[in-house]
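J.: sequence and predicted structure are below.
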Amino acid sequence: MSDNTLTPRPSELDQARFVEQYGEIYEHSPWVAELAWQQGLGGKQDTPEGLAEAMGRVLTGASAERQLEVIRAHPDLAGKAAIAGELTDDSTREQAGAGLDQCTPEEMARFERLNAAYKEKFGFPFVMAVKGNDRHDILAAFETRLENDQAEERRTAVEQINRIARFRLQARLG
């Protein structure tokens, strides 16, 4: 019977090993793992859920500038990086799982238009935890979130990134 404890336990790792194992949970942002480790890890963080909560607090508590760095590290959904095969392994799996690799030419054009409009309005890419959603759900969310103001959308993007991190930790370690 599993107690859902990670092996090796995150709380037992030194900082270098912890960052090596968990530094890419947040897209190209190992500083989130560094700060989570520095803030202290205990038995609660030895589960995917507990570790996701600790790492999520780091991002949520970060300055707006640091949050924007993490948001901007994410690729466009169904964007040029996906087409060129330049996504991280996690992003590739996540986008394929939502069927973004199966878009029709019309859907691709719609994604391109929405990505451009979103970036023009907010100055960062649209980020969504796509697990459990399909491309139609994602396109609908795109249009709804384009109505948000800047501060609300930054908060929403951070929430979505924390959901992505939780899903990644559960997939890798759960």
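T.: Now that the structure is in, tell me what you want to look at. It should be emphasised that the depicted structure is a prediction, and the values quoted were computed from it without experimental measurement.
J.: mind checking pLDDT for residue 127?
T.: pLDDT, residue 127: 96.
J.: which elements pack onto the longest helix seen in the chain?
T.: Identified as the longest helix of the chain according to DSSP state H is helix 150-173. Helices and strands touching helix 150-173, by 3 or more CB pairs under 8 Å, 6 or more residues apart in numbering; DSSP states H and E, are helix 48-61, helix 64-72, helix 89-97, helix 105-122. All C-beta spots, glycine's among them, are computed from the backbone N, C-alpha and C.
J.: nearest to residue 160 among those would be which one?
T.: In terms of CB to CB, the element of the helices and strands packed on helix 150-173 nearest to residue 160 is helix 64-72, at 9.1 Å.
J.: residues making contact with the closest one?
T.: Contact with helix 64-72 is made by 26-27, 29, 31-32, 59, 62, 123-125, 127, 154, 157-158, 161, as judged by CB atoms under 8 Å, 6 or more residues apart in numbering.
J.: pLDDT-wise, what's the bottom of these?
T.: residue 27 (93).
J.: next up, the contacts around the residue nearest to that one when sequence neighbours are not counted.
T.: Leaving out its chain neighbours, the residue that sits closest to residue 27 by CB to CB, 6 or more residues apart in numbering is residue 73, at 4.5 Å. Going by CB under 8 Å, 6+ apart, residue 73 touches 26, 27, 28, 29.
J.: out of those, who's nearest residue 170?
T.: residue 26 (14.9 Å).
J.: picking that back up, just the buried residues of the contacts of residue 73.
T.: If you count burial by 16 or more other CB atoms under 10 Å, the buried members of the contacts of residue 73 come out as 26, 27, 29.
J.: pipe those residues into TSV and attach distance to residue 145 per row.
T.: Shown next, in TSV, are the buried ones among the contacts of residue 73 (distance: CB to CB, whole Å):
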residue	distance to residue 145
26	20
27	19
29	21
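J.: give me the buried positions along stretch 139-157.
T.: Neighbour-count burial for stretch 139-157 flags 139, 141, 142, 145, 153, 154, 156, 157 (criterion: 16+ other CB under 10 Å).
J.: got the CA positions of it in PDB?
T.: Output of stretch 139-157 as PDB, limited to C-alpha atoms (Å, rounded to 0.1, in the frame of the first residue of the first chain):
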ATOM      1  CA  LEU A 139     -10.400  28.100 -27.800                       C
ATOM      2  CA  ALA A 140     -13.400  29.000 -25.700                       C
ATOM      3  CA  ALA A 141     -11.300  29.900 -22.700                       C
ATOM      4  CA  PHE A 142      -9.000  32.000 -24.900                       C
ATOM      5  CA  GLU A 143     -12.000  34.100 -26.000                       C
ATOM      6  CA  THR A 144     -13.400  34.500 -22.400                       C
ATOM      7  CA  ARG A 145     -10.000  35.400 -20.900                       C
ATOM      8  CA  LEU A 146      -9.400  38.000 -23.500                       C
ATOM      9  CA  GLU A 147     -12.100  40.000 -21.700                       C
ATOM     10  CA  ASN A 148     -10.000  40.100 -18.500                       C
ATOM     11  CA  ASP A 149      -8.000  43.100 -17.400                       C
ATOM     12  CA  GLN A 150      -4.200  42.900 -17.100                       C
ATOM     13  CA  ALA A 151      -4.100  42.200 -13.300                       C
ATOM     14  CA  GLU A 152      -6.800  39.600 -13.400                       C
ATOM     15  CA  GLU A 153      -5.300  37.800 -16.300                       C
ATOM     16  CA  ARG A 154      -1.800  37.800 -14.600                       C
ATOM     17  CA  ARG A 155      -3.400  36.200 -11.500                       C
ATOM     18  CA  THR A 156      -5.300  33.700 -13.700                       C
ATOM     19  CA  ALA A 157      -2.100  32.800 -15.600                       C
END
